[in-house]
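Undergrad: Give me a model of this one.
(one chain, ligands or ions: 1)
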Amino acid sequence: MTTLAYRTGSAAFWLGVAALAFAQEAPRGDPADTEIWEPEPVAVTPGTGGAPPSDAIVLFDGSDLDQWRHRDGGDVQWSLADGAVTVVRGMGDIFTRESFGDIQLHVEWRTPAVIEGEGQGRGNSGIIIQQRYEVQVLDSWENRTYSNGQAASIYKQHIPQVNASRPPGEWQSYDIFFTAPRFAEDGTLTAPAHMTVVHNGVLVHNDVELAGPTRFIGEPSYEAHPLEQPLQIQDHANPVSFRNIWIREL
Ligand code: MG
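TA: As a prediction, the model looks like this:
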């Protein structure tokens, strides 16, 4: 039988092993040829437990709302207590005084511990990047609504891969990585916006493409806007709280 010749220990077997080893020998050359030394990444001191890294712009650390305004430019009339800011119904959305393009954003939020309302009326707010692209804030703990409008949805465009919600009254976090859309000088879109969202440490959107600003009614479509725009947080009439908001410009 021919298989007998390849039995372990036979001369033919060991010849085969040697041939294989020769074929898999590491390629010749200098490993330094493929080393890249420039640029050297800048050293950043990372934060612990959601704290901002050393190169972050801290937008809200619990002490004041100096970096925020209402639509008319006036000082923020939401309530500030215990290191958190809470929506005061009817006072309107808040906006950063500064504008941003491509960003990494960290924000922590909490819907009311006492459940009131249902569906979209329960703990609704929103993180509206560039005043156009909303990541929904909602109490989605055992609170069914349309999937592309639940917590961590990119409102009416992308359903989160999973529902990583914590119960009402508990702090939750979003880490959002946003690439702003690009427009040509004549206003035509050259690159759509992209977003990655991590909800309470769980990836829920992986570099998804946006079809335009998030809309309540109708299909989204882009209109040219400057590369850098303010960040906005929504007053949707529910007393949602926020804390530890920081951003890194990419
Ligand atoms: Mg909302």
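
Undergrad: Could you find the closest non-adjacent residue to Thr145?
TA: Excluding the flanking residues, the one nearest Thr145 by C-beta to C-beta, 6 or more residues apart in numbering is Gly119, at 4.3 Å. To be clear about C-beta, it is placed using only N, CA and C from the backbone, and glycine gets the same treatment.

Undergrad: how about the one you found, what does it touch?
TA: Residues near Gly119 by C-beta atoms under 8 Å, 6 or more residues apart in numbering: Asn143, Arg144, Thr145.

Undergrad: and with 10 Å instead?
TA: Leu138, Asp139, Ser140, Asn143, Arg144, Thr145, Tyr146, Gly149, Gln150 (C-beta atoms under 10 Å, 6 or more residues apart in numbering).

Undergrad: Tell me which residue is most central in this protein.
TA: Nearest to the mean C-alpha position of the chain, counting by C-alpha atoms, centre = their mean, stands Ile176 at 1.4 Å.

Undergrad: Tell me what it is bridged to.
TA: Under DSSP bridges, the beta-bridge partners of Ile176 are Leu105, Val197.

Undergrad: separation between it and Leu210?
TA: Distance of Ile176 to Leu210, given as C-beta to C-beta, to the nearest Å: 12 Å.

Undergrad: what's the overlap in contacts for these two?
TA: Common neighbours of Ile176 and Leu210 (C-beta under 10 Å, 6+ apart) are Ile129, Tyr133, Ile154, Met195.

Undergrad: My guess is the second one contacts Ser153. True?
TA: No. Using C-beta atoms under 10 Å, Tyr133 is not in contact with Ser153, being 11.8 Å away.

Undergrad: How about the residue of the chain found nearest the ion: what's its closest non-neighbour residue?
TA: Residue nearest to the ion within the chain: Gly126 (3.3 Å; C-beta to the ion). Nearest in space to Gly126, with sequence neighbours left out and distances taken as C-beta to C-beta, 6+ apart, is Gln234 at 3.8 Å.

Undergrad: again, but for Leu203
TA: Closest to Leu203 by C-beta to C-beta, 6+ apart is Gln161, at 7.0 Å.

Undergrad: Who are the contact partners of that neighbour?
TA: Applying C-beta under 10 Å, 6+ apart to Gln161 gives the contacts Ala152, Val197, His199, Val202, Leu203, Val204, His205, Asn206, Val208.

Undergrad: Just the ones in strands from those residues, please.
TA: Val197, His199, Val202, Leu203, Val204, His205, Asn206, Val208 (DSSP state E).
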